[in-house]
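1. With the input below, show me the fold.
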Amino acid sequence: MHAYERGRIFRLTLLNAGLAVALGTASLATAQPGHNLTIVASRVLKFSGGDVQVDFAAGPLDLSQDAVMAHVQAAASAIVAYYGRLPVARARVLIVPVPDQTGIVQGTTWGDMAGYPGMSRFRLGQHATQDDLNDDWMMTHELDHMAFPSLPDDQHWMEEGLATYVEPIARVESGELKPGQIWHDMVRDMHKGEPAEGDQGLDHTHSWGRTYWGGAMFCLVADVEIRRQTGNKKGLQDALRAIVAAGGTIDHEWPLDQALAIGDKATGTHVLTDQYAKWKDAPVTVDLEKLWVDLGIRWNGGAVEFVDDAPLAKVRVAIARQAR
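-> Okay, the predicted model is just below:
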């Protein structure tokens, strides 16, 4: 996993001769990511809810622009499948070639950038291959950041955890991944989000594991509980769609409580608000082994098997299913 910088550019500070100088809106032209790059091609993808402009900066790439565009199309299609629409009306994806590198080197997403509610920059290795794109999760992860409001630093875990959780599920909904693959990865990795000794709750423990997988675990537990309380008629997806519909996207700064309250109203529960109250200031350990059993997920020699008569098997199916 990579570290992701987020935020609105005009609120950044620069250290100049020991002084912090705030960047005003008049300085945006020189502060924008990629402002000093030569754009050699621009293409637009249209989706329900908005457009994605894909800009290619100058630099050598072994991959064709068509191959990269297909990858952006797949990632954005997964987001549209999960949220029912592109979260923002105008999104920009900036592709920056990195000489002598392979794979997608880094992804970063910002809100409210030069007329675009959402902007993602991807540093793509010169020698990246189609296999690299096929194995990539970062593109979808970054685009998912556009579907939640910008939060204070203490709640960065929610931004990253949500993208970590939604990314593979969205790719199942769009038909890119199979459910067995993502449940395998969750069983393998979710324990990384458990609190370690000295943990003080999600709002106060900003380690890599707690930020990404602790946030993802919060989302998984909430998703299961919402479905349990609503007889599997509602889930976290319904809450997140309602937040986007209310304007809770990356170009707006909200307190987390505001977003969670909107999500709870959409599901007719208090799951998100109550769970956040319990998890934010105290270490909460989840019995993941029991959760996997209840969901009907059995680990067998590095592979997962599904148990369809498990108590929450239908919840598991509802969380990650092919496009409806």
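2. only C-alpha atoms for contact and neighbour calcs from this point on.
-> OK.
3. In this structure Gln126 contacts Pro97, no?
-> Yes: because the distance of 5.7 Å satisfies CA atoms under 8 Å, Gln126 is recorded as touching Pro97.
4. quick one: common contacting residues for these two?
-> 59-61 (CA atoms under 8 Å, 6 or more residues apart in numbering).
5. the more surrounded of Gln126 and Pro97?
-> Set Gln126 next to Pro97 and count neighbours by other CA atoms under 10 Å: Pro97 wins out with 24 against 20.
6. what secondary structure does that one sit in?
-> Of the three states, Pro97 takes strand under DSSP: H, G, I helix; E, B strand; the rest coil.
7. any idea of the pLDDT on it?
-> As predicted, Pro97 sits at a pLDDT of 96.
8. where's the nearest residue in space to Thr205 that is not next to it in sequence, which helix or strand?
-> Among residues not flanking Thr205 along the chain, Asp199 sits closest, at 5.9 Å (CA to CA, 6 or more residues apart in numbering). Counting by DSSP states H and E, there is no helix or strand that carries Asp199.
9. can you pull the contacts of Asp199?
-> For Asp199, the set of contacting residues under the criterion of CA under 8 Å, 6+ apart consists of 205, 282-283.
10. With secondary structure and neighbour count as added columns, please give the shared contacts of Gln126 and Pro97 in CSV.
-> As requested, those are arranged in CSV below (DSSP: H, G, I helix; E, B strand; the rest coil; neighbours: other CA atoms under 10 Å):
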residue, secondary structure, neighbour count
Gly59, coil, 16
Pro60, coil, 14
Leu61, coil, 21
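11. which among these gets closest to Gln229?
-> The shortest distance between Gln229 and any of the shared contacts of Gln126 and Pro97, using CA to CA, involves Leu61 and amounts to 50.2 Å.
12. got the contact list for that closest one?
-> By CA under 8 Å, 6+ apart, the contact set of Leu61 is 97, 125-128.
13. how close does it get to Gln126?
-> In this structure, Leu61 lies at 4 Å from Gln126, with CA to CA, to the nearest Å as the measure.
14. check contacts around the closest residue to Asp136 other than its chain neighbours.
-> Excluding the flanking residues, the one nearest Asp136 by CA to CA, 6+ apart is Ile104, at 7.6 Å. Ile104 sits next to 122-125, 128, 132-133, 136, 138 when contact means CA under 8 Å, 6+ apart.
15. Now, of those residues, which are buried?
-> Burial by neighbour count, 16 or more other CA atoms under 10 Å: within these this picks out 122-125, 128, 133, 138.
16. now, which of these sits nearest Ala310?
-> Each of the buried ones among the contacts of Ile104 was checked against Ala310 using CA to CA; the closest is Met138, at 32.5 Å.
17. dump the residue contacts of the closest one.
-> Going by CA under 8 Å, 6+ apart, Met138 touches 104, 107.
18. which phi and psi does it have?
-> Here is the backbone geometry of Met138 (degrees, to the nearest 10): phi -60, psi -40.
19. what do you get for Gly209?
-> phi -60, psi -40.
20. same question, Glu305
-> According to degrees, to the nearest 10, the main-chain angles of Glu305 amount to phi -120, psi 150.
21. How is the nearest residue to it once chain neighbours are set aside assigned, secondary-structure-wise?
-> Distances taken as CA to CA, 6+ apart place Arg298 nearest to Glu305, at 5.0 Å, with adjacent residues excluded. Put simply, Arg298 is strand when judged by three-state DSSP.
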